[in-house]
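In: give me a 3D structure for the following:
(chains A, B, C and D)
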Number of protein chains: 2
Amino acid sequence: MIDFKLDPKSGVPFYRQIIDQIRYGVASGDLKVGEQLPTVRALAVQLKVNLNTVGKAYRELEIQSILETQQGTGTFIGSTNIQIPKSERQNKLDSICSEYLSIASSYGFSAEEMVDELKKRQRGKT
Amino acid sequence: MIDFKLDPKSGVPFYRQIIDQIRYGVASGDLKVGEQLPTVRALAVQLKVNLNTVGKAYRELEIQSILETQQGTGTFIGSTNIQIPKSERQNKLDSICSEYLSIASSYGFSAEEMVDELKKRQRGKT
DNA sequence: TATATTGTTATATTATACTATAACAATAGT
DNA sequence: ACTATTGTTATAGTATAATATAACAATATA
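Out: Sure, this is the predicted structure:
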């Protein structure tokens, strides 16, 4: 299961963030075929958004056959194996890093300090 | 000067993309203090958006003292130097780093990937 | 069979984003 | 002084995003 997280500062619409996190999860294998996603209501509560917003994300992914939904049962990862274009993935990493750099720099932190801080957290992980 | 680009597929509002690119330009040093930005009309034409959209971006950055504008003259990079107490400095970096690491990981990016991306941007700089 | 759960649909409302167009206001240059 | 240039403001219209709330429809389960 994914650890969903919305970034209100990014400017990216919430339903788009949900869509992308699921797409990336499926593409990377973090989300496996047949796996059940949180219910629209549960995810809405968790992310503190309206259930319609989650519903919109799920619906759009169902249209793309990335998800399979059944009323009364739930929403599941479909068997369509998707690929995220390398460029799209890179763009996403780009924008996250740019935002990180911009914010940190505005507080007077250097790129080195940012890198060091990140590296500190790498240790102890796989 | 920045090579402004808008990505309509990203879902990020145009004025936000303009803001983000200027903020990053300042953070990375590509935009230097006192440097003049394109006029609202020129940038609007270049990006094929309405001049109000550019104006909105500039205005917001002026409120944040990142830009300085003068009617009749133009828009320029301001001189902002922010100080935070040394005692809070490490905590601040901590929280910023945690935040962006968790955002990145929700898309399946590792700390290592972020480090690599940040390092890539350092190359060629002092 | 009754009930709870799940996704779905609908309506109304608010806020934001963007466009088009026009006019206004301050400044620079001729 | 005049004019062009620059940012600014205003109005109107369209589309999207998100919320709140309610009800409906299919499924699972007690």
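
In: quick one: contacts for A:G78?
Out: Contacts were defined as C-beta atoms under 8 Å, 6 or more residues apart in numbering or on different chains; by that measure A:G78 touches A:V33, A:S65, A:I66, A:L67, A:E68. From N, CA and C alone the C-beta is placed, and that goes for glycine too.

In: next, count neighbours for the fourth one.
Out: The one in question is A:L67. A total of 22 residues lie near A:L67 under the criterion other C-beta atoms under 10 Å in any protein chain shown.

In: buried set for the helix or strand harbouring A:R89?
Out: Counting by DSSP states H and E, the element that carries A:R89 is helix A:86-106. Applying a neighbour-count criterion of 16 or more other C-beta atoms under 10 Å in any protein chain shown, the buried positions in helix A:86-106 are A:88-89, A:92-93, A:95-106.

In: middle-most residue in chain A, spatially?
Out: Most central in chain A under C-alpha atoms, centre = their mean is A:Q21, positioned 2.2 Å from the mean C-alpha point.

In: flag every buried residue along the strand or helix carrying it.
Out: With elements delineated by DSSP H and E, A:Q21 resides in helix A:14-28, which encompasses its position. Taking 16+ other C-beta under 10 Å as the neighbour-count basis, helix A:14-28 is seen to contain the buried residues A:14-27.

In: now do that helix: distance to the chain's middle.
Out: 4 Å (C-alpha atoms, centre = their mean, to the nearest Å).

In: whatever helix or strand comes next after that helix close to DNA strand C?
Out: Helices and strands here follow DSSP H and E; after helix A:14-28, the next one along the chain is helix A:40-47. Yes. Helix A:40-47 reaches DNA strand C (C-beta under 7 Å from any atom of the strand) through A:V40, A:R41, A:A42.

In: angle of helix A:40-47 against helix A:14-28?
Out: Relative orientation of helix A:40-47 and helix A:14-28, computed by axes from the mean of the first three to the mean of the last three C-alpha atoms, to 10 degrees: 100 degrees.

In: what's the neighbour count on A:G29?
Out: Number of residues near A:G29 (other C-beta under 10 Å) recorded here: 10.

In: again, but for the one 4 residues further on
Out: Neighbouring residues of A:V33 were enumerated by other C-beta under 10 Å; the total is 13.

In: confidence score at it?
Out: According to the predicted model, the pLDDT of A:V33 comes to 97.

In: check contacts around it.
Out: A:I77, A:G78, A:S79.

In: per-residue confidence for the first one?
Out: The per-residue pLDDT reported for A:I77 equals 98.

In: run through the bridge partners of it.
Out: Each beta-bridge partner of A:I77 is listed here: A:L67, as defined by DSSP bridges.

In: correct me if wrong: it contacts A:A27.
Out: No. Taking C-beta atoms under 8 Å as the contact criterion, A:I77 and A:A27 are not neighbours in contact, 11.2 Å apart.

In: now the buried residues of helix A:14-28 as TSV including pLDDT and distance to A:N52?
Out: Converted to TSV, the buried residues of helix A:14-28 look like this (pLDDT from 0 to 100; distance: C-beta to C-beta, whole Å):
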residue	pLDDT	distance to A:N52
A:F14	98	11
A:Y15	98	9
A:R16	98	14
A:Q17	98	15
A:I18	98	12
A:I19	98	14
A:D20	97	18
A:Q21	98	18
A:I22	98	17
A:R23	97	20
A:Y24	97	23
A:G25	97	22
A:V26	97	23
A:A27	96	26
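
In: from those, which are also near chain B?
Out: Checked against chain B using C-beta under 8 Å from any C-beta of the partner chain, the buried residues of helix A:14-28 give the following subset in range: A:R16, A:D20, A:Q21, A:Y24, A:G25, A:A27.
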